[in-house]
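>>> dropping a prediction and its sequence here:
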Amino acid sequence: MRWPKALRILMIETTLQFTREINASAHSIWRCWTEPELLKQWFAPKPVVTTEAVIEPHSGGCFNTTMVVPDMPKPMMGEGCVLAADPGKRFAFTNMMKGAFQPQDTSGEGQFPFTADITIKAHDTGCTYTVTVRHLNKAGADAHRDMGFFEGWGTAADQMAALAETLS
């Protein structure tokens with residue numbers, strides 16, 4: 001299992017988390033999470049492609065993505081709700097609600113309810129980037145881990161960092 005550049009990896013019952021040092025500004029990381037055209041460039045580990053993104057970076061805003069996965073008959077569509085948006089510091093969203101805090105069912109096969117909390121702490125040489133994903137129960141956390149959370153989100157973080165380093 002490869003978790004490059006990881007400072008810390010954590011799994012406690014219902015929570016998956018990793019932290020990285022990134023040589024890009026907190027503002028650039030924020031832009032990668034909140035600007036649809038940037039998010040589409042890094043959000044899924046290649047060869048998966050994010051083809052659509054709707055991001056309303058305010059509490060209650062939409063966080064919707066469409067991904068094309070090789071060998072899957074139809075695109076994966078994710079619909080979520082922004083929980084917190086503090087520019088350059090924090091971006092949190094959930095798949096348990098749609099925009100405007102409208103509840104939605106996440107009980108289908110291959111589904112698990114979660115919240116993702118992205119924190120960004122600026123420092124002299126870039127920022128500390130932490131992803132914390134909380135699940136409704138241990139089974140959801142285990143399923144997310146087993147489907148490759150650390151590898152997938154870690155690869156996406158590498159792609160995001162590379163992109164963020166090119167932004168001014």
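Yep, it's here.

>>> let's verify the closest residue to Ala156 other than its chain neighbours: helix, strand, or coil?
Of all residues beyond its chain neighbours, the one nearest Ala156 is Pro45 (5.4 Å), with distances taken as C-beta to C-beta, 6 or more residues apart in numbering. C-beta coordinates here come from the backbone N, C-alpha and C atoms, glycine included. Three-state call for Pro45 (DSSP: H, G, I helix; E, B strand; the rest coil): coil.

>>> what about Pro45, distance to Glu151?
Pro45 sits 8 Å away from Glu151, going by C-beta to C-beta, to the nearest Å.

>>> which parts of stretch 35-48 are buried?
Buried residues in stretch 35-48, counting neighbours by 16 or more other C-beta atoms under 10 Å, are found at Leu38, Leu39, Lys40, Gln41, Trp42, Phe43, Ala44, Pro45, Val48.

>>> tell me who's in contact with the last one.
Val48 makes contact with Met67, Val68, Val69, Pro70, according to C-beta atoms under 8 Å, 6 or more residues apart in numbering.

>>> give me the pLDDT value at the residue nearest to Ala156.
Note on Pro45: pLDDT of 93.

>>> which of the contacts of Val48 lies closest to Val82?
Met67 (18.5 Å; C-beta to C-beta).

>>> of the contacts of Val48, buried ones?
By 16+ other C-beta under 10 Å, the contacts of Val48 give Met67 as buried.

>>> make CSV out of the contacts of Val48 and add pLDDT and distance to Ile118.
Below are the contacts of Val48 laid out as CSV (pLDDT from 0 to 100; distance: C-beta to C-beta, whole Å):
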residue, pLDDT, distance to Ile118
Met67, 95, 18
Val68, 96, 23
Val69, 92, 23
Pro70, 93, 27
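
>>> most remote residue from the chain's center?
Asp124 (24.4 Å; C-alpha atoms, centre = their mean).
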